[in-house]
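Asker: Any chance you could fold what I've pasted below:
(2 chains)
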Amino acid sequence: MTPVDSRLRIRDENGITVVEFVDRNILDEANIQQIGEEITSIIDNADEPKLLICFTNVEHLSSAALGTLITINTKIRSRNGQLHLADIGPQIYEVFVITKLNKLFSIYETSGEALQAFSA
Amino acid sequence: MIGEAATELVHAAQQCGYSEGAQFALRLVMEESIANALVHGHRDLPSNTPVCLRWSLDEKQIYIEVQDKGPGFNPDEVPDPTLDENLEKPRGRGVMLMRAYMTTVQYNASGNCVTMTYKKAVIPSD
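Answerer: This next block holds a predicted model:
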């Protein structure tokens, strides 16, 4: 069950956990840490977890948020899972390109495309 | 706290006609530079040690200065986070993002004060 003060909206789509952010700005270190802990808990509770993180409505994020995404990616891969990112606005996507993290993550334009791309 | 400081600058930039892209950049570099000062610069100092922030702007340029009370560091020794061997490291992107989004980024000799400028893009007329 999602905590009352969760920074995330979480739903299941045919075995794929879809995560959206409550906040438009993912900048605050404390919130980022909480987000990381919540998502880590999701990963820990699934075999070969399939996780889609949607950035709908996210307007700003910091390098600390990128670091948490990297940690999540590493953890998912260690459990033989899959992580897709989607619905990233152009300014946020530019941050991924500048940092070359667009090479590390599987990024899709829409959540629909991202959901279809998960392998069984 | 950082958010409030950034919002004040972003709002002033908006009033001065800076683009949404510029406003995005300003909020990002404010977050990165102040977070660096607090997390790294003040690592061995009491958590309530303040960071000194100064900024000014006009229609052509924005100036930002962030000074911490720590011993400083050498920004040239920060590994390039875009290299393949560093891509999966969770930290080390703040300075790089500041340099990517600002017109100039300069550190003082000890590395505990960073000054950044952002020059408004001039769109040439035909």
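Asker: confidence score at the closest residue to residue B:99 other than its chain neighbours?
Answerer: Leaving aside its chain neighbours, residue B:99 sits nearest to residue B:105 (4.9 Å; criterion: CB to CB, 6 or more residues apart in numbering or on different chains). C-beta: built from backbone N, CA, C; applies to glycine. If you check residue B:105, the pLDDT there is 98.
Asker: which ones are touching residue B:105?
Answerer: Residue B:105 makes contact with B:95, B:98, B:99, B:114, B:115, B:116, according to CB atoms under 8 Å, 6 or more residues apart in numbering or on different chains.
Asker: What about it? Give its phi and psi, please.
Answerer: phi -140, psi 120 (degrees, to the nearest 10).
Asker: distance of it from residue A:18?
Answerer: 38 Å (CB to CB, to the nearest Å).
Asker: what's in contact with the lengthiest helix in chain B?
Answerer: As assigned by DSSP state H, the longest helix anywhere in chain B is helix B:20-36. Helix B:20-36 is contacted from outside by A:25, A:27, A:29, A:59-60, A:62-64, A:91, A:95, B:2-3, B:5-7, B:9-10, B:13-14, B:18, B:51, B:53, B:62, B:64, B:66, B:94-95, B:97-98, B:101-102, B:114, B:116, B:118, B:120-121, using CB under 8 Å, 6+ apart.
Asker: Report the closest residue of chain A relative to chain B.
Answerer: residue A:67 (3.4 Å; CB to the nearest CB).
Asker: Could you list every helix and strand that the helix-or-strand element of chain A with minimal mean pLDDT packs against?
Answerer: The weakest-scoring helix or strand in chain A, judged by mean pLDDT, DSSP states H and E, is strand A:25-26 (a mean of 85). With contacts taken as 3 or more CB pairs under 8 Å, 6 or more residues apart in numbering or on different chains; DSSP states H and E, strand A:25-26 sits against strand A:60-61.
Asker: What pairs with the strand it packs on, parallel or antiparallel?
Answerer: strand A:25-26 (parallel) (DSSP bridges).
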